[in-house]
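**Student:** make a model of this:
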Amino acid sequence: MCIDTLLSLYTRDLNRLRDEIERYRNVNNIWVVEKNIANSAGNLCLHLIGNLNTYIGKEIGRTGYIRDREQEFSLKNIPRSNLLKGIDDTIQVVTHSLQTMNQALLQEEYPLLVFAEKTTTEYLLIHLATHLNYHLGQINYHRRLIDTGITRQYYN
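**Tutor:** Have a look, this model is predicted:
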């Protein structure tokens with residue numbers, strides 16, 4: 001897997017995440033959960049920021065990031081501007097971290113046990129890209145289902 005390809009995909013999809021968060025007409029709807037929708041777009045955004053800053057920033061880029069995964073799903077009503085800044089910062093972290101890599105590092109064992117057994121760094125980076133895309137799709141659907149221009153009540 002080419003590092004340039006990974007960089008391109010992460011940049012593309014993090015910019016799409018940014019676009020989805022910006023496209024909410026009613027900023028309060030970013031935090032709405034309703035019926036069988038388990039997570040708000042805001043919490044999914046926080047989760048993606050935490051996930052990428054942990055597995056790419058901390059482990060590959062050596063940023064020292066400290067993750068609080070529980071808060072990714074429990075925090076509410078974070079201003080949209082903070083979410084957008086978090087996305088922008090994550091783009092920089094991912095870009096810098098991947099630019100420090102070479103092809104040989106992709107084939108090395110990833111330093112953390114993330115799944116039932118160890119994987120290569122390449123495998124984990126591909127997994128993280130698909131994980132980002134999965135939640136990006138959920139956010140897109142959330143926005144189109146919830147953000148109809150009508151103020152909705154919060155359901156938790």
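
**Student:** point to the residue nearest the middle of this protein.
**Tutor:** Geometric centre of the chain, nearest residue: residue 48, 2.0 Å, by CA atoms, centre = their mean.

**Student:** what about residue 103, how many neighbours?
**Tutor:** Per other CB atoms under 10 Å, the neighbour tally for residue 103 reads 10. Yep, even glycine has a C-beta here, placed from its N, CA and C like the rest.

**Student:** then residue 71?
**Tutor:** Using other CB under 10 Å: residue 71 sits among 12 other residues.

**Student:** these two touch, right, it and residue 46?
**Tutor:** Yes - using CB atoms under 8 Å, residue 71 is in contact with residue 46, at 7.4 Å.

**Student:** circling back: would you quantify the distance from the residue nearest to the centre of the chain to residue 109?
**Tutor:** Distance, residue 48 to residue 109, using CB to CB, to the nearest Å: 24 Å.

**Student:** need the three-state assignment for the residue nearest to the centre of the chain.
**Tutor:** Three-state assignment for residue 48 (DSSP: H, G, I helix; E, B strand; the rest coil): helix.

**Student:** so who does it touch?
**Tutor:** Residues counted as contacts of residue 48 (CB atoms under 8 Å, 6 or more residues apart in numbering) are 17, 90, 131, 132, 135, 136.
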